[in-house]
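S.K.: Fold the following and give me the result.
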Amino acid sequence: RGFTSTIVRDMQGYGFFFLGFESTVHYLAGPGKSKADLSYTEVMLAGVMAGFGLWGSMFPIDTIKSKLQADDLANKRYSSTMDC
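M.R.: You can find the predicted model right below:
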């Protein structure tokens, strides 16, 4: 139970992760610079933004997944991801 919501959570979560990281790197690097030109602090900031994108987008779907997985098998309250 919860396989569909896990797949949806991870697919869109990691999409936002890479979007956040690459967008921040592109913004910080500016014209004429590459990733290799960024300082440790700038790369760390890009990682922080990636983490915000990942977890900010994953928490709502993770809640649905957890509700499905914690549901009583004998008296099911939720029959699918859409019921949560």
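
S.K.: what stretches of the chain score poorly on pLDDT?
M.R.: When the per-residue scores of the chain are filtered using pLDDT under 70, the ranges that remain are 82.

S.K.: so how far is residue 65 from the residue sitting furthest away from the middle of it?
M.R.: Among the residues of the chain, the one whose C-alpha is farthest from the average of all C-alpha positions is residue 74, by CA atoms, centre = their mean at 32.1 Å. Residue 74 sits 20 Å away from residue 65, going by CB to CB, to the nearest Å. Using the backbone N, CA and C atoms, a C-beta is placed for each residue, glycine as well.

S.K.: Sketch out the helices for this protein, chain order is fine.
M.R.: 3-29, 40-70 (DSSP state H).

S.K.: Output those in TSV; the columns should cover mean neighbour count and distance to residue 81.
M.R.: Rendered in TSV, the data for the helices of the chain read as follows (neighbours: other CB atoms under 10 Å; distance: least, CB to CB, whole Å):
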stretch	mean neighbour count	distance to residue 81
helix 3-29	16	5
helix 40-70	16	6
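
S.K.: would TSV of those helices with distance to residue 83 be doable?
M.R.: What follows is the helices of the chain, written out as TSV (distance: least, CB to CB, whole Å):
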stretch	distance to residue 83
helix 3-29	11
helix 40-70	8
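
S.K.: what does stretch 20-40 contact?
M.R.: If you take CB atoms under 8 Å, 6 or more residues apart in numbering as the criterion, stretch 20-40 is touched by 42-43, 45-47, 49-54.

S.K.: what about 6 Å?
M.R.: Around stretch 20-40, the neighbours that count as contacts under CB atoms under 6 Å, 6 or more residues apart in numbering are 42, 46, 49-50, 53.

S.K.: Identify, from these, the entry nearest to residue 15.
M.R.: The shortest distance between residue 15 and any of the contacts of stretch 20-40, using CB to CB, involves residue 53 and amounts to 8.5 Å.

S.K.: so who does that closest one touch?
M.R.: 16-17, 20.

S.K.: and residue 62, how far is that from residue 20?
M.R.: In this structure, residue 62 and residue 20 are separated by 18 Å, where distance is defined by CB to CB.
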